[in-house]
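> Structure of the sequence below:
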Amino acid sequence: MALAVFVGSLIGVMALGMPIAFALLVSGVALMFYLDIFDTQI
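Got it, this is the predicted structure:
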């Protein structure tokens with residue numbers, strides 16, 4: 001399921017027209033929220 005969250009958010013954000021580098025950043029943050037490992041000190 002984590003892979004689906006990552007790929008789904010990556011494709012969704014890229015479909016909105018965001019550059020790939022920023023789309024990877026957004027999908028990485030979405031995955032960290034999904035896995036509940038988001039740490040603000042990263």
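
> At the geometric centre of this protein, which residue sits there?
By C-alpha atoms, centre = their mean, the chain has its centre lying nearest to S27, at 0.9 Å.

> which residues touch that one?
Each residue near S27 by C-beta atoms under 8 Å, 6 or more residues apart in numbering is listed here: 6-7, 9-10, 13. Where C-beta positions appear, they are placed from N, C-alpha and C, glycine not excepted.

> V7 now?
So V7 contacts S27 (C-beta under 8 Å, 6+ apart).

> confidence score at it?
In this model, V7 is scored at 95, pLDDT.

> what's the answer for L35, then?
At L35, pLDDT is 91.

> again, but for L25
pLDDT, L25: 94.

> Longest helix of the chain, counting residues only.
helix 20-35 (DSSP state H).

> Next, the buried residues of that helix.
23-24, 26-27, 30-31 (16 or more other C-beta atoms under 10 Å).

> what two of those are the furthest from one another?
The two members of the buried residues of helix 20-35 with the most space between them (C-beta to C-beta) are A23 and L31, at 12.4 Å.

> which parts of stretch 2-18 are buried?
Buried residues in stretch 2-18, counted by 16+ other C-beta under 10 Å: 6, 9-10, 13-14.

> Dump the C-alpha coordinates for it into PDB.
Extracted C-alpha coordinates of stretch 2-18, given in PDB (Å, rounded to 0.1, in the frame of the first residue of the first chain):
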ATOM      1  CA  ALA A   2       2.900   2.300   0.700                       C
ATOM      2  CA  LEU A   3       4.100   2.000  -2.900                       C
ATOM      3  CA  ALA A   4       0.600   2.900  -4.100                       C
ATOM      4  CA  VAL A   5       0.600   6.100  -2.000                       C
ATOM      5  CA  PHE A   6       4.000   7.100  -3.300                       C
ATOM      6  CA  VAL A   7       3.300   6.400  -7.000                       C
ATOM      7  CA  GLY A   8      -0.200   7.700  -6.800                       C
ATOM      8  CA  SER A   9       0.800  11.000  -5.300                       C
ATOM      9  CA  LEU A  10       3.800  11.300  -7.700                       C
ATOM     10  CA  ILE A  11       1.600  10.800 -10.800                       C
ATOM     11  CA  GLY A  12      -1.100  13.000  -9.300                       C
ATOM     12  CA  VAL A  13       1.200  15.900  -8.600                       C
ATOM     13  CA  MET A  14       3.000  15.500 -12.000                       C
ATOM     14  CA  ALA A  15      -0.400  15.600 -13.700                       C
ATOM     15  CA  LEU A  16      -1.000  19.000 -12.100                       C
ATOM     16  CA  GLY A  17       2.100  20.300 -13.900                       C
ATOM     17  CA  MET A  18       4.700  20.300 -11.100                       C
END
